[in-house]
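Participant: here is my input; please provide its structure:
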Amino acid sequence: MKKITLLFSTTLILISTSIFTSCKDTSDETAEIGAITFYPEAGVIDSGTEINFSCETKGVSFYYIFDNSRLNVNKYPTSSITTKASSCTITANHTVYVVAQDTAGNLSKRYSASYSISGTENTALYFGNPSNATTDSNAADYLTNYLLEEATYTVSFNNETHNPNWVGWHLCSTDLGSGRYDGDFMQNPKLPDEFYKVRHSDYTNGNFDRGHMCPNADRNSNDEDSKGTFYTTNIVPQTANNNQKVWATLENYERRLVSSGVNEAYIFSGPYYDDSFKATDKEGTEVTYLSGKTTPTDETYIKVPTSTWKIIIAFKSGEEDRTRITAENTTVIAVKIPNRHDVGSDWKSYTCTIDDIETLTGYDFFANLPDAVENALEATVYSE
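Facilitator: Below is the predicted model:
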């Protein structure tokens, strides 16, 4: 079994190397963005470290994104160069994003710095980064394996399929509540400039659901966490009978596992594409790309997965999770569900092993567990 070692990025991503970089501004041709600075620089830090960042701008709105919130928003200064500065405190693996936009609201520049705290429990990557997803623009798979650290879940995003490769999160009873968000799905401003940002409307008339990977109901302890699951980087095209029936039933089951507070869980889910096996939409028509596109010639195309998979490991709540997990005390669920209109309604009909999912995807899950425990868990087929 392939083992992947999680490497923490020590490189500051996409720092402007010029004193001023112009961006389009419909009302002020002198719009400028200066070099952004982060202190300390990106890399491995201690929990609780304060990150300071600043930039000089003219004629643009400049804001910071942290835990799905905009910080220190400024309104288009035009009379002089204005220094913007702010800070945040890092308590878990996180990427701080700085975004500039012109007066028309176009995202014109984006900078980021990734910070990692080794061994952060109750986060998606506590047991390892399954695909070594990265924010390093020099990496060979930068465009197809981009790491997005959201406030309550983590994504590897693929700019060729325009879907996530995988989404991971930790689930416990305190994540559940009555929070809600009733708006459209949102473009993700954290994606680099060269990535296509999928729109809510890209799914319109496509005959597929906008299928959450990390479910809204797994993140509804408050309205803000609920809203955070509605980035289009957290969805894939799912046929209605997959998303609303068999997939939804499994999502309900994962919440029942933790709802009493006795158990906690780590979860990964994602799409799979098999060129020899077509997905079908709600009318039963075989498709490869959303909205009838047959070739990836339009940047707005979204590839339709032929199946969706999910992995869940659940065990008694506590601390030092790596040391408490055994094959005997852990519930393991792995499924691969066809993304077809005629899919069955019982998720237990589609169980497999984590090893099976690793063979399909090439990913390595739970690599930071002791080998004997990892091997035992990954060979387990769920049974009641």
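Participant: so what touches stretch 310-329?
Facilitator: Where contact means C-beta atoms under 8 Å, 6 or more residues apart in numbering, the residues beyond stretch 310-329 that reach it are 121-122, 126-127, 172, 250, 254, 257-258, 261-269, 330-335, 337, 354, 357, 365-366, 368-370, 373, 376-377, 380. Using the backbone N, CA and C atoms, a C-beta is placed for each residue, glycine as well.
Participant: can you select the buried ones from those in ChimeraX?
Facilitator: A single ChimeraX command selects the buried members of the contacts of stretch 310-329 (16 or more other C-beta atoms under 10 Å):
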select :126,127,250,254,257,258,263,264,265,266,267,268,269,330,331,332,333,334,335,337,354,357,365,366,368,369,376,377,380
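Participant: which element is the residue lying closest to residue 241 once chain neighbours are set aside on?
Facilitator: Once flanking residues are discounted, residue 241 sits nearest to residue 343: 5.2 Å by C-beta to C-beta, 6 or more residues apart in numbering. For residue 343, there is no host helix or strand (DSSP states H and E).
Participant: pLDDT score assigned to residue 343?
Facilitator: We have a pLDDT of 97 for residue 343.
Participant: list the residues that contact it.
Facilitator: 239, 241-242, 245-246, 337.
Participant: okay, and which of the contacts of stretch 310-329 map to strands?
Facilitator: If you go by DSSP state E, those have 263-269, 331-335, 337 in strands.
Participant: among those, which pair sits farthest apart?
Facilitator: Greatest spatial distance among these (C-beta to C-beta): 264 and 337, at 23.9 Å.
Participant: measure residue 142 to residue 194 for me?
Facilitator: In this structure, residue 142 lies at 9 Å from residue 194, with C-beta to C-beta, to the nearest Å as the measure.
Participant: which of the two has more residues huddled nearby?
Facilitator: Each of residue 142 and residue 194 has its neighbours counted (other C-beta atoms under 10 Å); residue 142 has more, 19 against 10.
Participant: right, and that one touches residue 134 too?
Facilitator: Yes: shown here, residue 142 and residue 134 form a contact pair, counting by C-beta atoms under 8 Å, at 6.6 Å.
Participant: export the ones in strands among the contacts of stretch 310-329 to JSON lines and tack on pLDDT and distance to residue 40?
Facilitator: Shown next, in JSON lines, are the ones in strands among the contacts of stretch 310-329 (pLDDT from 0 to 100; distance: C-beta to C-beta, whole Å):
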{"residue": "263", "pLDDT": "97", "distance to residue 40": "37"}
{"residue": "264", "pLDDT": "98", "distance to residue 40": "32"}
{"residue": "265", "pLDDT": "98", "distance to residue 40": "33"}
{"residue": "266", "pLDDT": "98", "distance to residue 40": "29"}
{"residue": "267", "pLDDT": "98", "distance to residue 40": "32"}
{"residue": "268", "pLDDT": "98", "distance to residue 40": "31"}
{"residue": "269", "pLDDT": "98", "distance to residue 40": "34"}
{"residue": "331", "pLDDT": "98", "distance to residue 40": "40"}
{"residue": "332", "pLDDT": "98", "distance to residue 40": "39"}
{"residue": "333", "pLDDT": "98", "distance to residue 40": "40"}
{"residue": "334", "pLDDT": "98", "distance to residue 40": "39"}
{"residue": "335", "pLDDT": "98", "distance to residue 40": "42"}
{"residue": "337", "pLDDT": "98", "distance to residue 40": "44"}
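Participant: enumerate every residue touching the closest residue to residue 162 other than its chain neighbours.
Facilitator: Nearest residue to residue 162 in three dimensions, chain neighbours excluded: residue 302, at 4.6 Å (C-beta to C-beta, 6+ apart). Residue 302 is in contact with 161-163, 198, 202-203, 206, 237, 289-291, counting by C-beta under 8 Å, 6+ apart.
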